[in-house]
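Trainee: The following block contains a protein sequence and its predicted model.
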Amino acid sequence: MTNHWVDIRNADVILVMGGNAAEAHPVGFRWVTEAKEHNNAQLMVVDPRFTRTASVADFYAPIRTGTDIAFLGGLIRYLIDTDQIQREYVLNYTDAALLVDEGFGFEDGLFDSYDAESRSYDKENWVYQTGEDGFALRDDTLENPRCVYRLLRAHFDAYTPDMVSSICGTPVDKIMRVWETLASTATPDRTTTLLYALGWTQHSLGSQIIRTAGMVQLLLGNIGLRGGGVNALRGHSNIQGLTDLGLLSNQLTGYIAAPVDDEQDLDTFLTARRRAPLQPGQVSYWQNADAFFVSLMKAWYGDNARAHNQWCYDWLPKLDKPLYDILDTFERMSKGEIYGYFCQGFNPLAAIPNKAKVSRSLAKLRYLVSIDPLNTETAEFWRNAGEYNDVDPSEIQTEVFRLPALSFAEDDGSTVNSARWLQWHYAAASGPGEARADTHILGALFTRVRELYARDGGAFPDPILGMAWNYKQPEEPSPEELAREYNGRAISDVYLDGQLVRRMGEQLAGFGELRDDGSTASGCWIFAGSWTEAGNQMANRDNADPYGIGQTLGWAWSWPANRRILYNRASAKLDGTPWSERKSLVWWDSVQRRWTGADIPDFPVDSAPTRGQMPFIMNPEGVGKLFASQGMAEGPFPTHYEPLESPVPEGNLLFPRNDKVRYNPAARVFDQDLEMMGTWEEYPYAATTYRLTEHFHYWTKHVHLNAIVQPEQFVEIGEALGNELGIKEGDWVRVSSKRGYIRAVAVVTKRIKAITVGDRIVHQVGIPIHWGFLGLARKGFLANTLTPFVGDANTQTPEFKSFLVNVEKDTSGGRT
């Protein structure tokens, strides 16, 4: 989230798109209801289904799954053409005025320098024009045809209301109602907040959908203001913490990009991450990457990390491909290239697309380790469960080890919620039987592996033997020790401008105290400040709200630096005064000569407005990016492409002459998986997966009460499709894709309407994900039996939200 849960109540318009907050986040949804009740906010929902969120909305518009960029791209065109943008904000706080390289281009669905064989772009021209001083050139009149603003308008020229309606299946009048309502917040005293979840991320274009939403908010002037922002509603209580701590293979902690093959020396690595300013005088805080990285190496390798050995940089693996993502892992596993797999808090047989491929891949392992509080389908992938898991155990030689772990309620520690708040919790009960904390399991494994390396040697034992592991109980590091380590400490006295700011051994007060000379250690630079000399800030429980706007800075601790709304300098004009008193958040105090207000300024507190530093301090431009430069795989501007499996015979209606851009030309897909894609002739219906309030992923089918309230697998189809196929409420149906089938009870509903795409009627099917062949609920099929093995080009998140199926009335007699 750029903002936070409580801040939703400050919005004037709330758009829920790519999520179903009332059902999937029922507690957090209270802030939506508060916005409606106390702020007279309008709630708008755009979704393939008339969801529980839509049922309490002021307005609902249907949409075909996978077409969100067309809808939002049309909105961008509308905002520019009607001049309903926050012009002063756009000119000063975005890159709208910057000039783009003359070599950059876009034609018939493709950007310049596309390589069809590798399905990737060169990106050399995806940069700004620069002067002799190295700074980006700009045109503040916004008239130059090479300025970002003009290129943006040209890019979305074809996204007319009629075209958007043809692609999305949304009636034009409903499109205009949503667009007009959002445009009403292009004024300084009104804001829109955008709430999304997996309905945006789980697409082959998921990252670009979210970027388009950010671009809309930049044009409206809604980033950095209260009641604004682009806010991800996370699907787990600690998914935010997972990414913060670098569990993705292409990142170190704190979103430091991991080293790649052509960065064999430290200077090359750091130069690529320092990000010098592209406009004069900008903060460009990644210039401090040296301090972040060196402090991380000191946390990991202690005294072994020194300047003369590049702070142990040589010990880090260097990526030979962009990302060792989960799709790549199971692709290599399917080829027999992976011998063993540790599966911690994860159920890939249920959570990775194309269950058949996942099952075949697991069967090629020598061993599989499952670390989980509950038994999972993955741990029992080898067991025959009839048609729910039709395998032959005698042909599977994989040895499976189950290591029972504690649940979150059985251990102390912190979780990071969607709003970036680190909140400390305490164990409510002891774990059952032999269950251990994850840290205990991993600590014990590490110490034993290190003992083996010390005794027997190995190909490269240095990183294992050299790891700093100075915990009181090496086999069981405590949550408190780990939290203090992530925060960071002074290894020797730390000085600033000759003044002592931190004594040796003290906890650091924040990332501003990190140094690149080896005098500080911090396991995650953005967590610096969470456990200081004053104690555990994550355990703070002061809900005082002195400004009455939901800014409870004494409750828990938020990264970075306890700032609750990112880029909040943008809530004030160039001169430091608020855009409006109604939306005031931080402002320049000309008497105290510092930034102050209801939030911790996300900005140098002593940087006077006259210095000209802009609000987006992590970007080298200092401003929000409408033009993504080289940051995205598919291009600097989002483009509508169809899902890999599309119900539209004509392909991409925007570029009907170019079949190469039917779907995302940079999508993450392997050649053999392309052969497993269905066509609209065989599988005519567009399907999407979703979640229910009564269940949580694949966990709660083990809970008796949850199994009672939602006992049996079902799929949701519209009345029109039910009538067409002769299916009524309660009938059993067979839903199939190119990859397999499931059988379930049909819920025939008014919630899913047939929509018109081009000149064709398209029916959509909703498939809840929660069932499997284990647990107390009635056995069901894993929904990922149906889904395609393809992912987003940037994050590689699988496309669970858009695929093709066929639906037939099942005459086999119901459940087995």
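Mentor: Now that the structure is in, tell me what you want to look at.
Trainee: Show the contacting residues for the closest residue to Asp412 other than its chain neighbours.
Mentor: Spatially, and ignoring its direct neighbours in sequence, Asp412 is nearest to Pro479 (4.8 Å; C-beta to C-beta, 6 or more residues apart in numbering). C-beta here means a position set from N, CA and C on the backbone, and glycine is covered the same way. With contact taken as C-beta atoms under 8 Å, 6 or more residues apart in numbering, Pro479 is in contact with Asp411, Asp412, Gly413, Ser414, Thr439.
Trainee: mind checking the backbone torsions on the residue lying closest to the first one once chain neighbours are set aside?
Mentor: Distances taken as C-beta to C-beta, 6+ apart put Ala437 closest to Asp411, at 4.9 Å, once the chain neighbours are dropped. Listed backbone geometry of Ala437 is phi -60, psi 150, with angles given as degrees, to the nearest 10.
Trainee: Let me see the contact set for Ala437.
Mentor: Ala405, Leu406, Glu410, Asp411, Gly431, Glu476 are the contacts of Ala437 under C-beta under 8 Å, 6+ apart.
Trainee: How is the last one classified with respect to secondary structure?
Mentor: On the three-state scheme (DSSP: H, G, I helix; E, B strand; the rest coil), Glu476 is labelled coil.
Trainee: Tell me, what's the model's pLDDT at the closest residue to it other than its chain neighbours?
Mentor: With C-beta to C-beta, 6+ apart as the measure, His440 is the residue that lies nearest to Glu476, at 4.4 Å, once sequence neighbours are left out. Looking at His440, its pLDDT reads 97.
Trainee: Check Thr816 too.
Mentor: Model confidence at Thr816 (pLDDT) stands at 65.
Trainee: What of Asp497?
Mentor: 89.
Trainee: distance of Arg582 from Gln537?
Mentor: 31 Å (C-beta to C-beta, to the nearest Å).
Trainee: These two: which has the busier surroundings?
Mentor: The residue with more neighbours, out of Arg582 and Gln537, is Gln537; 19 against 14, by other C-beta atoms under 10 Å.
Trainee: quick one: the more buried one and Ala561 touch, right?
Mentor: No: counting by C-beta atoms under 8 Å, Ala561 is not a contact partner of Gln537; they are 10.7 Å apart.
Trainee: any common contacting residues for these two?
Mentor: Joint contacts of Gln537 and Ala561 (C-beta under 8 Å, 6+ apart) are Gly529.
Trainee: would you say Phe773 is within a helix?
Mentor: No: read with three-state DSSP, Phe773 is coil and lies in no helix.
Trainee: For it, give me its contacts.
Mentor: Here Phe773 is in contact with Glu377, Glu380, Ala385, Gly386, Tyr388, Asn389, Lys779, Gly780, Leu782 (C-beta under 8 Å, 6+ apart).
Trainee: Out of those, give me the one that has the most neighbours.
Mentor: Leu782 (26 neighbours).
Trainee: check contacts around Thr2.
Mentor: Contacts of Thr2 (C-beta under 8 Å, 6+ apart): Ile223, Gly224, Gly228, Gly229, Val230, Asn231, Ile565, Leu566, Tyr567.
Trainee: out of the residues you listed, who's nearest Pro656?
Mentor: Using C-beta to C-beta, Val230 is the member of the contacts of Thr2 that lies nearest Pro656, at 31.5 Å.
Trainee: Tell me where the stretch 251-400 of the chain has strands.
Mentor: 340-344, 367-372, 399-404 (DSSP state E, counting those that start in this stretch).
Trainee: Name the stretch among those strands that sits most buried.
Mentor: strand 367-372 (a mean of 20; mean count of other C-beta atoms under 10 Å).
Trainee: which residues are in contact with that one?
Mentor: By C-beta under 8 Å, 6+ apart, strand 367-372 touches 339-347, 362, 376, 378-379, 381, 398-405, 438, 441.
Trainee: Direction included, what does that strand pair against?
Mentor: Next to strand 367-372 in the sheet, as set by DSSP bridges, lie strand 340-344 (parallel), strand 399-404 (parallel).
Trainee: Extract the C-alpha set from the last one and format it as CSV.
Mentor: Taking C-alpha atoms only, strand 399-404 is exported to CSV below (Å, rounded to 0.1, in the frame of the first residue of the first chain):
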residue,chain,number,x,y,z
GLU,A,399,11.0,-39.6,-0.5
VAL,A,400,8.9,-37.2,1.4
PHE,A,401,9.9,-35.7,4.8
ARG,A,402,7.3,-33.8,6.8
LEU,A,403,8.6,-31.4,9.4
PRO,A,404,5.6,-30.0,11.5
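Trainee: Tell me which helix or strand comes right after it.
Mentor: strand 413-416 (DSSP states H and E).
Trainee: who touches that following strand?
Mentor: 237-238, 240-241, 244, 408, 422-425, 479, 483, 530, 538, 559.
Trainee: Is there a neighbour count for Gly206? I'd like the number.
Mentor: 28.
Trainee: from the contacts of Thr2, which is closest to Leu508?
Mentor: Closest to Leu508, out of all of these and judged by C-beta to C-beta, is Leu566, at 21.4 Å.
Trainee: How about the contacts made by the closest one?
Mentor: Thr2, Asn3, Gly224, Gly229, Asp602.
Trainee: any idea which of these is closest to Ser207?
Mentor: Looking across the contacts of Leu566 and measuring by C-beta to C-beta, the closest to Ser207 is Thr2, at 15.6 Å.
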